[in-house]
Every structure is written in C-alpha cells, then in structure tokens.
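Visitor: Here is a sequence together with a model predicted from it:
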Amino acid sequence: MTRLFDILGALVGIIVLFPLFLFISILIILTSPGPVFYFQKRVGRFGKDFYLIKYRTMYVNADKKGLLTVGGRDPRITPIGYYLRKFKIDELPQLFNVLLGSMSIVGPRPEVRKYVDLYNEEQKKVLNVRPGITDNASLEYFDENVLLAKSNNPEETYVKEIMPAKLILNMKYINNPGLESYFAIIFKTIGRIFK
C-alpha cells in the first residue's frame, strides 16, 4: 500500500515543485561550474546498488576528498550548496528515485557500500526494505553535519557513534510499518524543515 502512496506522492511532488526545481538548477549553473545533479552509488534493498540523485552541492570531484561532510566549515561545499543542504532541498531529486522504485518516501537512508560493509547481521536487516528519503534517524540527526563538524575525527564519530544509533532508529520504523507511521514521519519531516 505504501508503494502506491510513494508513486502518487512522488508524481505530485515533482509536478508541484517543478518551478522550484528549475530555479535551483539555474542557481547551481550560475554559481559553480559542473552538472546540476550529483549521482552517487548507494546500497538499496536486498543489498543491490543504485544511483541516488541529489542536487550537486559540492565543487566537482570534491567527494574524492572524503564521503562525509562536516557542516559549514567544509570548504568543498559551494555557497548555494550550503543552503540547499541546510534546508534539505538537495534531497528533492530523490523523488525520481522513488518514482523509479529504488527508494520510498519513508525508509532507512541508503548508505554507501563502504559503511554498509561494516554492518553486523542485525544491522543488515535495514536492507530488507526500500531505502527512503526520510525516516526517524533523519529526524533525530537532522543536523548531523553540525555534529560531525565538532568532532576531531568525523569519520570515527560517524562509524562508532552516529551510524549505530541511526540503525537502531531505522529498526523502529521497520518493526512498525504501516500507513500511520509512514505519514507521521512525512509530516514530522515537513514540520522540521519549516521549523
């Protein structure tokens, strides 16, 4: 049933937000050289790789200097990219991932293979469902980049503290699926963005 709402939600979102998509695309083109979109290989349902679509918020090839971003102090992020990330607008193109079936609107955020390879057997259960644009972990760690910016070793902080905590929160939704949880997370996410 949630798949039906995924398709309808993605279609409506793409149509309604099309003027915003166009405006953001023009801003990106005018403010830094490179493509409008950024495609990153992530691990999806049943451990299969797919390409997650985001607005490009970094300078071209900046991701080769590391996978984690560390808030406002990260020099790899473009000026417009900072605001796209701050308000989670860079995630909007993932509505196309939802439409294609590689993602859901609600579900565990997909990770890169490097971090998925560190999962234990219990944590790998998050791969039994479609990854999502938002979930309980996204809400709890809405300012994750800011937390990482305070760390002397962001990679270690992410792997040892943030990632395990997020996986526990992911299981909360997986163990209690249904439309009530689905819509509750969507409305909480919208409220958090506007807040």
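Guide: All right, it came through fine. The model shown is predicted, which means the values in this text are computed figures rather than measured ones.

Visitor: hey, let's count contacts and neighbours off CA atoms from now on
Guide: Will do.

Visitor: what comes up buried for the strand or helix carrying K114?
Guide: K114 belongs to helix 113-116 when elements are defined using DSSP states H and E. The neighbour-count criterion (16 or more other C-alpha atoms under 10 Å) identifies V116 as the buried residues of helix 113-116.

Visitor: Contacts for the helix or strand just after it, please.
Guide: Beyond helix 113-116 on the C-terminal side, the first helix or strand identified by DSSP H and E is strand 132-134. Identification of contacts with strand 132-134 by C-alpha atoms under 8 Å, 6 or more residues apart in numbering yields 91, 94, 103-110, 185-186, 189.

Visitor: Which parts of the chain are strands?
Guide: Secondary structure of the chain by DSSP state E: the strands cover 37-43, 49-55, 104-106, 132-134.

Visitor: I'd like to know how many residues surround V12.
Guide: Look at V12: counted by other C-alpha atoms under 10 Å, it has 13 neighbours.

Visitor: Can you give me the distance of it to F142?
Guide: Noted for V12: a distance of 25 Å to F142, by C-alpha to C-alpha, to the nearest Å.

Visitor: Where does pLDDT dip in the protein?
Guide: By pLDDT under 70, the low-scoring segments of the chain are 65-73.

Visitor: hmm, back to that, okay if I get the contacts of strand 132-134 as JSON lines plus neighbour count and distance to T57?
Guide: Output for those, formatted as JSON lines (neighbours: other C-alpha atoms under 10 Å; distance: C-alpha to C-alpha, whole Å):
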{"residue": "E91", "neighbour count": "17", "distance to T57": "10"}
{"residue": "Q94", "neighbour count": "23", "distance to T57": "14"}
{"residue": "M103", "neighbour count": "27", "distance to T57": "21"}
{"residue": "S104", "neighbour count": "27", "distance to T57": "22"}
{"residue": "I105", "neighbour count": "27", "distance to T57": "21"}
{"residue": "V106", "neighbour count": "23", "distance to T57": "23"}
{"residue": "G107", "neighbour count": "25", "distance to T57": "23"}
{"residue": "P108", "neighbour count": "28", "distance to T57": "22"}
{"residue": "R109", "neighbour count": "23", "distance to T57": "18"}
{"residue": "P110", "neighbour count": "22", "distance to T57": "18"}
{"residue": "I185", "neighbour count": "21", "distance to T57": "25"}
{"residue": "I186", "neighbour count": "17", "distance to T57": "24"}
{"residue": "T189", "neighbour count": "19", "distance to T57": "21"}
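
Visitor: what's the closest of the residues you listed to K150?
Guide: Proximity of the contacts of strand 132-134 to K150 (C-alpha to C-alpha) peaks at R109, which lies at 22.4 Å.

Visitor: residues in contact with that closest one?
Guide: For R109, the contact set (C-alpha under 8 Å, 6+ apart) comprises 131-135, 138.

Visitor: re the thing from before, please identify the one among the contacts of strand 132-134 that lies nearest to V126.
Guide: Of the contacts of strand 132-134, the one sitting nearest to V126 (C-alpha to C-alpha) turns out to be P108, at 6.7 Å.
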